[in-house]
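Colleague: quick one, fold the following:
(2 chains)
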Amino acid sequence: MLSKRIIPCLDVRNGRLTKGIKFKDNVDIGDPVETARKYYEEGADEIVFYDITASHEARGIFLDVVEKVASEIFIPFSVGGGINSVDDMRDVLVAGAEKVSVNSGAVKNPDIISEGAARFGSQCIVLGMDVKRVKKTKDIPSGFEIVIHGGRKHMGIDAIEWAKTGEALGAGEICLNSIDADGVKEGYDLELTRLVADSVTIPVIASGGAGNPDHMVEAVTEGRATAALIASIVHYGEYTIPDLKKHMKEAGVHVRTIW
Amino acid sequence: MLAIFDYKAGNQTSVHRALEHLGIPNEITNDPEKLNSASGIIFPGVGAAGQAMTELHAAGLDDVIKGLIEQKKPVLGICVGCQILLDYSEENDTKTLEVIPGECRLFNPSWVDYENITIRVPHMGWNQVDLQTECELFEGIDPASEFYFVHSYFPAPDSDYVIATTRYGIDFCSVHGRKGLWAVQFHPEKSGRPGLQFLKNFYAYCQEAADAQ
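Modeller: Numbering: from 1, shown residues only, chains lettered A, B, ... in the order given. Next up is the predicted model:
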């Protein structure tokens, strides 16, 4: 039986681990390689890294981090942030990532999904989606809109349509982030997660809002996600990954317990 | 030394990093001499079967890998490397290496898994591997361990070659082959400690086989 995955998300800025609320107020919370190794040893099923560095110069520092991670942890990890071309994808895959997550780069140029899938295989192309609740309109019938720049820019694209488009173009997985729920710790947006999960057949990772282990159970049951992304609930030591897995298992969710 | 077979369609570097971590001497190569002198070959692969076969054929490496297998050089196929050891793959309607009888088929997203929920394709994540017959590569690994999978097509070899199965909508064959020629659909290099132990076991088998000669 396929296990539901628990995926810690590490935001990296200038080679350091950082965490902000709603993409603002970032603070330094440690070394990404050390932290990744710790989560690997604690039984994380996968790890996601986002490069939130603004400057082009710091890209090299980030790729160094990816390379170090690749030689120390032996579970899959994906890399996102600043992926705007097939060459950007190649750089992170060569540095050792299994998967590459493309977000605003795909909104601006959807062909990057099909080009990446053709070149590297669908299995390594993750479509990252940042989504915000809006009023239902003719253009946004689901009431969920694709946004970029941390939610500051609305794109006029319906999230459900975009998920289907991404799948048709060859994405192998969707990482679905609710901007409204992100960092608030009141639970994933289950309505959004379920809507997207039911509209595609590729796996969907729920992201944004995990505040306790029950939220994660909800994401993979009610929300029908196959994985739950987490950040602050483990970064600050509130829960460990074994705590979360134990709780999920007790709630009847199949998770990996031997590592 | 283990040779990681280089044909530009693989996850060579991931396998290389895992072997380095284990302190197992290894080299990414397609030089026939080096392949011959290695105690065993890892035959990796990611992406599509059609692409992998095209790369192999263009470089004349299909005959090289088949020759090594004929000489009874220990070989471990991983993921696409596992699939293309069979006769045929539905992916890109590809004739493959015809080393092990059988074919590779596409998961159907209408197949129902546990709790009456249809499966998602690709099969992505951690799943168990249920041994159907003894296999030395799983020695010292807890049978309840899980391994990392990511694939849309699955191997369906002749039943004589099935070593282990995994449940995903159906019970598909996740390990096939025979002693000295193993093919695994999962990624041992990305399966944490159980996967590393699996690679160690393959190396130990290769060393013993080389010493016995």
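
Colleague: every contact and neighbour count from this point should use C-alpha atoms.
Modeller: Noted.

Colleague: how close does residue A:74 get to residue A:44?
Modeller: 11 Å (Cα to Cα, to the nearest Å).

Colleague: ok, residue B:152 next?
Modeller: 23 Å.

Colleague: more neighbours, those two?
Modeller: residue A:44 (25 against 21; other Cα atoms under 10 Å in any protein chain shown).

Colleague: report pLDDT for the more buried one.
Modeller: On pLDDT, residue A:44 comes in at 98.

Colleague: just residue A:23 next, same as before
Modeller: pLDDT, read off for residue A:23, is 53.

Colleague: residues contacting residue A:214?
Modeller: Neighbour list for residue A:214: A:247, A:248 [criterion: Cα atoms under 8 Å, 6 or more residues apart in numbering or on different chains].

Colleague: do the same with residue A:175
Modeller: So residue A:175 contacts A:126, A:127, A:128, A:129, A:204, A:205, A:206, A:207 (Cα under 8 Å, 6+ apart).

Colleague: equivalent analysis for residue B:98, please.
Modeller: Contacts for residue B:98 (Cα under 8 Å, 6+ apart) come out as B:84, B:85, B:86, B:87, B:88.

Colleague: and the third one, what does it touch?
Modeller: By that I understand residue B:86. Neighbours of residue B:86 in contact, by Cα under 8 Å, 6+ apart: B:96, B:97, B:98, B:99, B:100, B:101, B:102, B:103, B:104, B:155, B:157.

Colleague: out of the residues you listed, which sit inside strands?
Modeller: The strands, defined by DSSP state E, take in B:102, B:103, B:104, B:155, B:157 from the contacts of residue B:86.

Colleague: redo those as CSV? Include neighbour count, distance to residue A:139 and pLDDT.
Modeller: Shown next, in CSV, are the ones in strands among the contacts of residue B:86 (neighbours: other Cα atoms under 10 Å in any protein chain shown; distance: Cα to Cα, whole Å; pLDDT from 0 to 100):
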residue, neighbour count, distance to residue A:139, pLDDT
B:102, 20, 49, 98
B:103, 23, 45, 98
B:104, 26, 42, 97
B:155, 28, 43, 98
B:157, 22, 49, 98
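
Colleague: for residue B:134, which non-adjacent residue is spatially closest?
Modeller: residue B:163 (7.6 Å; Cα to Cα, 6 or more residues apart in numbering or on different chains).

Colleague: and if you look at residue A:240?
Modeller: Nearest non-adjacent residue to residue A:240, counting by Cα to Cα, 6+ apart: residue A:234, 5.8 Å away.

Colleague: isn't that neighbour up against residue A:243?
Modeller: No - the criterion here is Cα atoms under 8 Å, and residue A:234 misses it with residue A:243 at 9.9 Å.

Colleague: who's more crowded, these two?
Modeller: Each of residue A:234 and residue A:243 has its neighbours counted (other Cα under 10 Å); residue A:234 has more, 19 against 14.

Colleague: residues contacting that one?
Modeller: Residue A:234 makes contact with A:8, A:240, A:241, according to Cα under 8 Å, 6+ apart.

Colleague: in helices only, show me those residues.
Modeller: Counted as lying in helices by DSSP state H, out of the contacts of residue A:234, are residue A:241.

Colleague: against chain A, how distant is the residue nearest to residue B:134?
Modeller: 18 Å (Cα to the nearest Cα, to the nearest Å).

Colleague: doesn't that residue belong to a strand?
Modeller: Yes - judged by DSSP: H, G, I helix; E, B strand; the rest coil, residue B:163 forms part of a strand.

Colleague: show the contacting residues for it.
Modeller: With Cα under 8 Å, 6+ apart, residue B:163 has these contacts: B:131, B:132, B:133, B:134, B:135, B:173, B:174, B:175, B:176, B:177, B:178.

Colleague: buried subset of the residues you listed as a PyMOL selection?
Modeller: Restricted to buried positions by 16 or more other Cα atoms under 10 Å in any protein chain shown, the PyMOL selection for these reads:
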select buried, chain B and resi 131+173+174+175+176+177
